[in-house]
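Colleague: model the following, please.
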Amino acid sequence: MEETRFRPIAKRLVEDDYTQPWFAYIEYIQWQGPVKDLRFIPAAQVGDVLLVEECVCNIGLDP
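Modeller: So this is what the prediction gives:
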């Protein structure tokens, strides 16, 4: 999901009280390639990452 699509959705979720205000300003990582690899996020632990993806087929689960 492109950031230009994500931001209005995040803002709306906050406005409608589905999430906390920080969610509208969460760091957005621009991915390259077809699979989302959490190793692209420096020093991040898997439990610290919120992954928003339109297709589960794009999420790499291999260690």
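
Colleague: quick one, helices of this protein?
Modeller: Assigned by DSSP state H, the chain shows helices spanning 3-15.

Colleague: low-confidence ranges in it?
Modeller: 53-63 (pLDDT under 70).

Colleague: please repeat the previous calculation with a cut-off of 80.
Modeller: Applying pLDDT under 80 to the chain picks out residues 1, 29, 31-42, 44, 46, 49-63.

Colleague: stretch 12-25: how far from the chain's middle?
Modeller: 14 Å (CA atoms, centre = their mean, to the nearest Å).

Colleague: start and end of that stretch, how far apart?
Modeller: Chord length of stretch 12-25, first to last residue, is 12 Å (CA to CA, to the nearest Å).

Colleague: and that stretch, which residues are buried?
Modeller: Across stretch 12-25, burial judged by 16 or more other CB atoms under 10 Å covers 14, 24. (C-beta placed from N, C-alpha, C; glycine too.)
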